[in-house]
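Novice: Build me a structure from this.
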Amino acid sequence: MLHEISGPIIAPMDLVSGGRRAFLKGGLAALAATALPFPLNAAVPPDVFVMALEIDDVISLDPAELFEFTGAEIAGNIYDRLLYFDSDQLDRITGGVARSWEVSDDGLTFRFRLRPGISFQSGNPLTAKDVAYSLRRTITLGKTPSFILAQFGFSPDNVGQQIVAEDSGTFVIRTPRVFAPSFLFACLTCACASIVDSKLVEAHQQNRDADDRWLRTHSAGSGPFALRVWKPNEIVILDRFKNCWRGKPAMETVFLRHIAEPGVQRLLIERGDIDVARNLGPDQAAGMAGNPDLRPYTVRKDGLYYMGLNQKNEFLRRAEVRKVFRYLVDYEGIAKTILRGQAEIHQTIIPAGYLGALDDRPYSWNLDEARRLLAAAGLDNGFSVTVDVRNTQPDLDIAQSVQANFAQAGIALRLIPSDGEQVLTKYRARHHDIYFGRWGSDYRDPHSNAQAFASNPDNSDAARLKTLAWRNGWEIPELSAQTDRAVGERDPEKRAMLYRAIQRRVLDDSPFVVLFQEVDLAVERSDLHGFVMGQGFDTVFYRGVTKSS
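Specialist: The predicted structure is shown next:
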């Protein structure tokens, strides 16, 4: 198994006292077990936060490498960033490690002044050198999320001159061309811009790539929690950082337990064995309505459910077939019978609430039109393709509904359910026919999704910028150039117009069938307070969690 961790999962018993000793002896020992459901026999202590959710998508916890929903959430609680979006006013940037920032008149230099007195969990002081090191490291390693920073013209060859520490408290970014300041600021809020402890990371560097391997399963942050354990597909344990600059968290320990079955999550939250259930289906949520011990929590997320059609496939590269796929989805039926409040119909590539987002929904179930288009493509008898999908809900239920509808037009969709890591690894290697899953924005700016879906400047296997368009082999030089122009527009309304045009182009003809925008549903115990589940997948915060007696 990847990222196997040796040693004990639970802290030695002689380090635990009182009620926590009893809890660890019964409940948390069971959390470490693989059998489900696990028997928790004591209430969760007041300084422990236990959450059930699906964590099978975690591949790495290195902020320069991770590019999955759960990994980004965990990193957001371990690491700090220069800037954040205000969780209450999502169009407003606030300071993180940076206390102030300014942009030069020519728009090419961005200067950040850091808050004094911040320390890492190791005890090392956080300085501008650490900020520069972290952003440079993301570029130099060149992992999947590096494109977020590389799009500003940074490369391993020039990053030493363009990302610099002027002094211990001042950090500077210089760009080779003008970008909308809001775009750069948005990118600095993403997980790959997390600030790592350079001294600690370098201490584990024995050769060029050693620090990369070490940070996959360890942490080196200044955030409210530090990683104790990650066991893939089982558990993540975080420990409180008492000297966090934001203040000591109330929770001493956070447990994220992989529970894929919604029914088991419901049982655990009703019994009080967990504090939050994160992956409940509509049936489970409805069944708990009216329970005074529980409280629902819903947030419209940035995540989009979509299908990606690999243009290497002889059938899927035909324009008529791409259009067929849009007419063979029963959007309304899936929303009403499967999702039931877990998502909203959304067919454009930029999520609702973003600058320039469109709410155009021109497609609906139309079997006659689909058959007409198949005949025009010379495929009256249909064809067969595979669909890679995560083996969790509601993903698999949606895929099975789509499979049944497509069969009516003679298209055989052969589903290949796998865990999140397997599905994503295959998709990123361009070895799929059709990918069904979700895409979450990396930062709250329309360019995050526009670049992913509508830019592919190099379609070769060796391309450095491996966007979703690249993964699906969609060669679009003109649209790529149009997307690049949009990010340089400093006038907000003109920028919005450019992104609207890009969305209409992708909506009309592309290898992407966007279906729904996700609505995140959680249920929390009524004695829990301060759990923040933001619109972004990396804006879920545990630092403010408290429990009333």
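Novice: Any stretches of the stretch 1-150 of the chain with poor pLDDT?
Specialist: Flagging of the stretch 1-150 of the chain using pLDDT under 70 yields the residue ranges 1-42, 87-91.
Novice: can you pull the buried residues of stretch 449-467?
Specialist: Residues of stretch 449-467 classed as buried: 449-457, 459, 465-467 (neighbour count, 16 or more other CB atoms under 10 Å). All C-beta spots, glycine's among them, are computed from the backbone N, C-alpha and C.
Novice: ok, now stretch 115-128?
Specialist: In stretch 115-128, counting by 16+ other CB under 10 Å, buried: 118, 120-122, 125-128.
Novice: And for stretch 240-251?
Specialist: In stretch 240-251, counting by 16+ other CB under 10 Å, buried: 240-241, 244-245, 249-251.
Novice: Check what contacts that stretch and list those residues.
Specialist: 47-49, 115, 117-119, 121, 222-226, 252-253, 530, 542-547 (CB atoms under 8 Å, 6 or more residues apart in numbering).
Novice: now the residues you listed: which count as buried?
Specialist: Buried among these (16+ other CB under 10 Å): 47-49, 118, 121, 222-226, 252-253, 542-543, 545, 547.
Novice: what number of residues lie near the nearest residue to residue 319 once chain neighbours are set aside?
Specialist: Nearest non-adjacent residue to residue 319, counting by CB to CB, 6 or more residues apart in numbering: residue 509, 5.9 Å away. Under the neighbour criterion other CB atoms under 10 Å, residue 509 is assigned a count of 12.
Novice: pLDDT weak spots in the stretch 301-450 of the chain?
Specialist: For the stretch 301-450 of the chain, no range has pLDDT under 70.
Novice: Of the buried ones among the contacts of stretch 240-251, which belong to helices?
Specialist: Nothing among the buried ones among the contacts of stretch 240-251 maps onto helices, per DSSP state H.
Novice: Tell me which two in the buried residues of stretch 449-467 are the farthest apart.
Specialist: Of all pairs drawn from the buried residues of stretch 449-467, the one with the longest distance (CB to CB) is 449 and 459, at 19.4 Å.
Novice: can you map out the strands along the stretch 151-300 of the chain?
Specialist: Here the stretch 151-300 of the chain has its strands, by DSSP state E, counting those that start in this stretch, at 163-167, 170-174, 225-231, 235-240, 253-258, 276-277, 294-309.
Novice: Among the ones you listed, which comes closest to residue 105?
Specialist: Comparing the strands of the stretch 151-300 of the chain by CB to CB, strand 170-174 comes nearest, at 13.9 Å.
Novice: counting contacts, what elements does that closest one pack onto?
Specialist: strand 109-114, helix 128-141, helix 159-162, strand 163-167 (3 or more CB pairs under 8 Å, 6 or more residues apart in numbering; DSSP states H and E).
Novice: Now the last one - C-alpha only, CSV.
Specialist: It stands for strand 163-167. Provided in CSV are the C-alpha atoms of strand 163-167 (Å, rounded to 0.1, in the frame of the first residue of the first chain):
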residue,chain,number,x,y,z
ILE,A,163,10.3,35.1,-5.6
VAL,A,164,12.5,36.5,-3.0
ALA,A,165,12.8,37.5,0.7
GLU,A,166,13.9,41.2,1.0
ASP,A,167,14.4,40.8,4.7
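Novice: List of residues touching that strand?
Specialist: With CB under 8 Å, 6+ apart, strand 163-167 has contacts from 111, 127-129, 131-132, 135-136, 139, 154, 171-174.
Novice: Just the buried residues of that strand, please?
Specialist: 163-165.
Novice: hang on, the earlier thing: greatest separation within the contacts of strand 163-167: which pair is it?
Specialist: 127 and 154 (20.5 Å).
Novice: neighbours around residue 439, how many?
Specialist: Counted with other CB under 10 Å, residues neighbouring residue 439 total 23.
Novice: Report the beta-bridge partner residues of it.
Specialist: On the basis of DSSP bridges, residue 439 is bridged to residue 304.
Novice: Surely it and residue 467 touch.
Specialist: No: Residue 439 lies out of contact with residue 467 (CB atoms under 8 Å); the separation is 10.6 Å.
Novice: where do the contact lists of those two overlap?
Specialist: Contacts common to residue 439 and residue 467, judged by CB under 8 Å, 6+ apart, are 452-453.
Novice: need the strands for the stretch 301-450 of the chain, in chain order.
Specialist: 343-345, 383-390, 411-418, 434-439.
Novice: so how far is the shortest one from its chain's centroid?
Specialist: By that I understand strand 343-345. Relative to its parent chain, strand 343-345 has a centroid offset of 18 Å by CA atoms, centre = their mean, to the nearest Å.
Novice: so what does it touch, helix or strand wise?
Specialist: strand 512-525.
Novice: Using the record, which stretches count as separate domains in this protein?
Specialist: 43-78+205-293+526-547, 83-117+127-194, 300-520 (automatic domain parsing).
Novice: tell me the most buried of these?
Specialist: domain 43-78+205-293+526-547 (a mean of 20; mean count of other CB atoms under 10 Å).
Novice: distance between the ends of that one?
Specialist: End-to-end distance of domain 43-78+205-293+526-547 (CA to CA, to the nearest Å): 12 Å.
Novice: tell me the contacts of the residue most central in space within the chain?
Specialist: Ranked by distance to the mean C-alpha position of the chain (CA atoms, centre = their mean), the top residue is residue 69 at 3.0 Å. Applying CB under 8 Å, 6+ apart, we find residue 69 in contact with 57, 303, 438, 440, 537.
Novice: can you check residue 508 too?
Specialist: Counted by CB under 8 Å, 6+ apart, residue 508 has zero contacts.
Novice: One more: residue 420?
Specialist: 54, 56-57, 68, 390, 392.
Novice: which one of the residues you listed sits closest to residue 265?
Specialist: Using CB to CB, those come closest to residue 265 at residue 54, 9.6 Å.
Novice: Go ahead and confirm that closest one touches residue 258.
Specialist: Yes: using CB under 8 Å, residue 54 is in contact with residue 258, at 6.4 Å.
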